[in-house]
Each structure stands twice: as C-alpha cells, then as structure tokens.
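>>> Give the three-dimensional model of this entry:
(chains A and B)
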Amino acid sequence: MELSGIGPVEPGEGTHVEDAPDGHATPPRGRLAPLYARHRRAALAAGAVALVLAGGLLYATRPRPEPPAPPPYPSQAVEFTYLGPRTPPAGLPAGAFSFGIAVTTRDGPPVTVTRIAQPLPGLALSSRPRPPFRGPADGARTVVITLRVTDCGRVPKNAGLPFLDVTLRNKRAMEDHSFILGGGYAHDLSEAVEVACSNDTAS
Amino acid sequence: MPRKGLIVRQRSLIAITAALAAGALTLTACGSRDDSAGSDSEGSGGGTTVVIGVDAPLTGDLSALGLGIKNSVDLAAKTANKEKTVDGVTFKVEALDDQAQPSSGQQNATKFVANKDVLGVVGPLNSSVAESMQKVFDDAKLVEVSPANTNPALTQGTDWQKTKTRPYKSYFRTATTDAIQGPFAAQYVFNDAKKKKVFVIDDKKTYGAGLAATFTEEFKKLGGKIAGTEHINPDTKDFSAIATKVKNSGADVVYYGGEYPQAGPLSKQIKAAGAKIPVVGGDGIYSADFIKLAGASGTGDLATSVGAPVEELPSAKEFVANYKAAGYKEAFEAYGGYSYDSAWAIIEAVKKVVEDNDGKLPSDARAKVTAAMQNVSFDGVTGKVSFDEYGDATNKQLTVYAVENGAWKAVKSGTYTG
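Coordinates of the predicted model:
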C-alpha cells in the first residue's frame, strides 16, 4: 500500500493525560509531601520573604533617568577673543589704549565674569562693563578694555604673548583663568605702550 | 473555601517570586556579558582591517610616556571596534619602539609605510624623532598625528618666527606648540611667581633647545634677566658642575628645556648645591617620574603642560575611567588624552573616506585619509579636536603645575585664542 500522507498518530501506552479530580488541588506527591504538609506555613513564609527580596532587588536595580550633567567648568564654557582697537573713553589721558573683547559662551549656561586684570607691571586696566557681569546666553558680548600706562620704566615694551587674567563663576565653580589673546593683541599693545611712553604722558 | 482561596493566592505569590527572581538573574547575566568585552577583535566592525601604527619610546628612560601613548591608542581602537564606529572596518594597533632615537624612528616609519594596511600613525613623542619621520610618511602620503611634539618648526617651518610655511601636509598634532608653551611659562614665572633672574639650561635636543629659546625670548621681553645658560649631556646624570654654576649665578629660578630623566636629578643636585630655587620645565618634565627622581627637595618645582587639567573636562574623566577599566599596567601619563584623540582623528578620517566611497576603502586610501584629516572635527578627550592650516591643533590650552605633597597640582590654566 502506498503511503498517501500523515494519518492520525495513535497514543502510545502510558501517554494518556490523566485528568485531575474537579475542584481539588493536586496535593504534593512523593517523599516531600509529608514534609510540606508539616511545614506548609514555614514554606509559604519563605516564599513571601523571597518575593520581598526579589521585589527589592528589582526596585533597587530599576532603570533610573540619568541625573542632569553639571555645567562645564567656567573656563571651558567661555571664550575671550581679541577684536582690535576701540576708541578710548573720554577723559582719559593721551596714550590710553582701548580694545574690544568678544566674550562668547561656548557651552552651558552663561558664566559670570567677576574680575578682569592683566599681569604686566606699569599698566592699569579698566573695563566697560565693569565686573561682575554675565556672559551672553548665546552669541557674543563685546567688552571694551582700557589700559593706561602708569610706569614707563616698568612696563614691557614688546611682550610676545600678554595675558588677560579673569575670574569666572558659574554653578560648577569659581576659577581664575588666563586668556592669551595672540599676536594681534601683543602687537597693538606694544604700539600703544610705545606711543604712550614716547609722548612722556606717563611717569 | 476561604482556606482554599488563601492557598491559591499564596501559590500565585510563589510563582510570581520565582518569575521575578528568574528575571533578575537574567538581567544580571546580561550585565556580566557587557562587562567582559575587551579584545581588539571583539565587537569588530567587520571585514576590512585597518592598522593604526604607534611610534613611541616603549623602552628606555622615556618609556613611561611612550607606553601611556601606546595604551591610549589601543583604547581608542577597541572603543571604535566595540561601537562599530566605521561600518565594515576593524581597527588594529601595531606599535613600534623608537627608543627616543631619530634613526629608530625613521626605520619604524619605513616599516609602517611598507605595511599597506597602515592608514595612519600616532606618534612620535620626541620632536627630534618626528623630524626624521616626516618626509618618509609624506612621500607615502601616510598621515601622522603626534600627541606630543611641541616644536613649532614641525608644522610651521624652520623660519616660523618670521614666515610660517607648512613643510609636510601629512603631519598633524593634537598638542599645542612651544611657540605658546615657552612664552606661557615665561609669563607665569615673571608675572605670577615674581621671579626676575633665570638660569636657562637645555639638553641641546630639538624639543629642549627650542622650548628654552621661546621661554628665554619672552622672559627677556618682559624685563627678566638671564643669569646664565648651560647645556647638558642627556647621557649623563651628574650635573654637579652646572648646579654649582647655578648656585653662584644668583638666579632666583631655573628654566630647563628637556625631559624628566635628566630634569629630576638636575633639580635634586641644584638644591643639594645650595640653590633653593624652583626648577621650571615644559611638558617633557610633567611626569610622576620627575617627582620620584627630584625627591623631596623638588617641592615647588613647576611644569607647564598642554591641555586643561583632567578634572575640568568631563570627556577626560570618562577617558580616565575607561582607561582604568581596560586594566592597562602603565599610567596614561601626560599624553594619554592627546594620544586617544590622535587615534580617534585617524578613525574619523577613515570613516569619512569609507562613507564617501560607498562603504569601502578606496585604492588610494592613504592619500584620501590624509586629505580628510584636514577637516576632521569632533569633541575629544581634550576638548574640540580640529586642525588649522598648518596641521596644528586649534585647541590651545596650557596649564602650570606645581609639585605639592609629592604630586603635580594645577595652579594656573590659560587658553590661547589668538
């Protein structure tokens, strides 16, 4: 006879499912049955404890949102860029030298500038606006710095990479930092010092 | 009935407990698998292997810095492979030891050029070694990114103080130059530390002599006096004759252009000669080994180094954590972050070239990677990484460190924005 397909599979001996009696839970069988019967309360209590522990574990290891990153350190958040000479404010003696600085917020919330200074001897510095002031939320804010020669005998005539020293503050920290404004600033400063001292307007 | 209902609920609780416990174990197991990731090939990007060469002193006096460079490049390659940064590409690192010798560096450059799988090289440490390698790489259009060379002439030509001319288009660096580092140190020493009379010493090598020169020029411009100058022989550790000259010069500070294997004993011998004045150096002495060699009398010595302090850069903190987790035996030292960023710049350039060529490396991959490097820009360990028209890093930060309680402590940072 040719086999034409798959017919019904006959159950083998001992493979019938035995129905449980209706309405009755199947009691534990085997050697542990008497043990379970004697210690049922203890077993259930252990189960409850395991449940609490497992729940606690899951709660403790639950995914939580990352806390917001702190703002960057202020020196990493702002940039000071030399913009070139500006007209000095009225009333200053001849030889005063003013220049613009662009204060740019690179990252994070605005930073407060609490101090602007320059470390060279024989020079006095003022700025408009005067510190403290806040940097811009975005874009750049122009600050006009004015330097006045106070001692021609001490001021360097051609500093190569003069600094601007500032103190910056935000929620993360308060920091002293130097901005090295580059060759353009050094050149303009040297020229201004030369003019101021050749005119003998400073002591 | 109430009793039966209680039993059913209690069974349900047991079943839920078992299910929750099984779930918790599964989650734990998943976490373990993640933690075990590690080797170069694990999580690899796929079919094509690209080799990133490393040239650095892996043996000898300067090996602490060299091994930090090698390990940091290795970490970058593993990270790129794990994250499949370049689809279809697996990065492999091949490191060669130059022993801080220009001749060895040149031989290594020739070996890298001969291996067609090498598409970029990180290194070297020493500017003098770089001088011997630049032409070999440039002839083969193989890009080189140094994490540590600071001599200005490497990117701006030997006449850089008058006319800047880029000598090799295949050479880039992530470290800033001594054109800034020397004057930065001079400004700090003169204006902040209030030292007015310096004794300048260098080791006659490209890096040391160059750095001492840029420091001296700025110190004099500021009005400082040069109490004396000397050159040391890097092969000796007896500097007692020079130490006596320093003592007799009346200098209130010493500037040393060179590296820590000599700077440490020099500092110690200067103090022993009776000159209780600080020794100041550049990034070449910014190593924990300097402090060991200088001993207790080295307290108050100063070093400038490239970059902002690690704790100020979140990206650097992540690098430090990953480096530690990777289990390297040696510290990443002064150039670890810059080495990682140098390697990552190569990875980014390779990525750009592959993406522009339908997902495959072109036949002229080296030339294309060199060209792509010029426009690479990413947020790296040390801040924004990109290069100017000379191949110099656009991110130019420097920090003054002082030896305090047996460790380097940051005392002032500056950013060049010119």
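
>>> in the chain, which spans are helices?
Let's take chain A. With DSSP state H, the ranges of helices along chain A come out as A:32-38, A:40-60, A:74-77, A:183-198.

>>> Oops, wrong one, chain B.
Using DSSP H, helices in chain B cover B:2-35, B:63-83, B:102-114, B:127-139, B:153-156, B:178-187, B:206-221, B:240-249, B:260-272, B:288-294, B:314-326, B:336-355, B:365-373.

>>> a markdown table for those, including distance to A:K171 and mean neighbour count?
Any C-beta I mention is one placed from the backbone N, CA and C, and that applies to glycine too. Output for the helices of chain B, formatted as a markdown table (distance: least, CB to CB, whole Å; neighbours: other CB atoms under 10 Å in any protein chain shown):
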| stretch | distance to A:K171 | mean neighbour count |
| --- | --- | --- |
| helix B:2-35 | 33 | 12 |
| helix B:63-83 | 31 | 24 |
| helix B:102-114 | 47 | 19 |
| helix B:127-139 | 41 | 22 |
| helix B:153-156 | 38 | 24 |
| helix B:178-187 | 29 | 27 |
| helix B:206-221 | 36 | 23 |
| helix B:240-249 | 47 | 18 |
| helix B:260-272 | 38 | 25 |
| helix B:288-294 | 33 | 20 |
| helix B:314-326 | 14 | 15 |
| helix B:336-355 | 25 | 26 |
| helix B:365-373 | 37 | 22 |
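
>>> least reliable of those helices going by mean pLDDT?
Lowest mean pLDDT within the helices of chain B: helix B:2-35, at a mean of 40.

>>> Quick one: closest of the helices of chain A to chain B.
Among the helices of chain A, helix A:40-60 comes nearest to chain B, with 3.9 Å by CB to the nearest CB.

>>> Contacts only, for the residue in chain A positioned nearest to chain B.
Closest approach between chain A and chain B, counting by CB to the nearest CB: A:G182, at 1.2 Å. Applying CB atoms under 8 Å, 6 or more residues apart in numbering or on different chains, one finds that A:G182 lies in contact with A:Y82, A:L161, B:Y416, B:T417, B:G418.

>>> Relative to chain A, how far out is the last one?
If I follow you right, that is B:G418. Distance of B:G418 to chain A, computed by CB to the nearest CB, to the nearest Å: 1 Å.

>>> Excluding sequence neighbours, find me the nearest residue to that residue.
What sits nearest to B:G418 in space, not counting adjacent residues and going by CB to CB, 6 or more residues apart in numbering or on different chains, is A:G182, at 1.2 Å.

>>> got it, and B:N108?
B:L96 (4.1 Å).

>>> got the contact list for the closest residue in space to B:G336 that isn't next to it in sequence?
Closest residue in space to B:G336, ignoring its immediate chain neighbours: B:S72 at 4.3 Å, by CB to CB, 6+ apart. If you count contacts by CB under 8 Å, 6+ apart, B:S72 has them with B:P147, B:F319, B:Y323, B:F332, B:Y335, B:G336, B:G337, B:S339, B:Y340, B:A343.

>>> farthest-separated two in these?
The span of the contacts of B:S72, defined through CB to CB, is set by B:P147 and B:Y323 at 14.2 Å.

>>> and B:W408, bridged to which residues?
Beta-bridge partners of B:W408, counted by DSSP bridges, are B:V403.

>>> gap between it and B:A56?
Here B:W408 is placed at a distance of 21 Å from B:A56 (CB to CB, to the nearest Å).

>>> Give the residue from these two that has the larger number of neighbours.
B:A56 (32 against 22; other CB atoms under 10 Å in any protein chain shown).

>>> ok, the more buried one touching B:I69?
Yes: proximity of B:A56 to B:I69 meets the contact threshold set by CB atoms under 8 Å, at 4.4 Å.

>>> ok, back up a step: and the helices of chain A: which comes nearest B:V400?
Among the helices of chain A, helix A:74-77 sits nearest to B:V400 (CB to CB), with 13.5 Å.

>>> Restrict the closest one to CA atoms and write it as CSV.
Output of helix A:74-77 as CSV, limited to C-alpha atoms (Å, rounded to 0.1, in the frame of the first residue of the first chain):
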residue,chain,number,x,y,z
PRO,A,74,33.6,78.1,33.6
SER,A,75,37.0,78.2,31.9
GLN,A,76,35.7,75.5,29.5
ALA,A,77,32.4,77.3,28.9
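
>>> by contact count, what packs against that helix?
strand A:163-169, strand A:174-180 (3 or more CB pairs under 8 Å, 6 or more residues apart in numbering or on different chains; DSSP states H and E).

>>> Could you export those strands as CSV, including distance to B:S363, mean pLDDT and mean neighbour count?
Listed next are the helices and strands packed on helix A:74-77 as CSV, based on distance: least, CB to CB, whole Å; pLDDT from 0 to 100; neighbours: other CB atoms under 10 Å in any protein chain shown:
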stretch, distance to B:S363, mean pLDDT, mean neighbour count
strand A:163-169, 50, 95, 21
strand A:174-180, 44, 94, 21
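
>>> got those as a markdown table, with distance to B:V89 columns?
Shown next, in a markdown table, are the helices and strands packed on helix A:74-77 (distance: least, CB to CB, whole Å):
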| stretch | distance to B:V89 |
| --- | --- |
| strand A:163-169 | 42 |
| strand A:174-180 | 39 |
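
>>> could the ones you listed be laid out in JSON lines, adding distance to chain B?
Shown next, in JSON lines, are those (distance: least, CB to the nearest CB, whole Å):
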{"stretch": "strand A:163-169", "distance to chain B": "6"}
{"stretch": "strand A:174-180", "distance to chain B": "4"}
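
>>> B:G380 is nearest to which of those?
Closest to B:G380 of the helices and strands packed on helix A:74-77, according to CB to CB: strand A:174-180, at 20.4 Å.

>>> dump the residue contacts of the residue lying closest to B:A243 once chain neighbours are set aside.
Sequence neighbours aside, B:A273 is the residue nearest to B:A243 in space, at 3.8 Å (criterion: CB to CB, 6+ apart). Each residue near B:A273 by CB under 8 Å, 6+ apart is listed here: B:S240, B:A243, B:T244, B:V246, B:K247.

>>> re earlier: which single one of the contacts of B:S72 is nearest to chain A?
B:G337 (13.8 Å).

>>> give me every residue that touches the closest residue to that closest one other than its chain neighbours.
The shortest distance from B:G337 to any non-neighbouring residue, by CB to CB, 6+ apart, is to B:V381 (3.9 Å). For B:V381, the contact set (CB under 8 Å, 6+ apart) comprises B:L313, B:S315, B:A316, B:E318, B:F319, B:G336, B:G337, B:Y338, B:Y340, B:D341.
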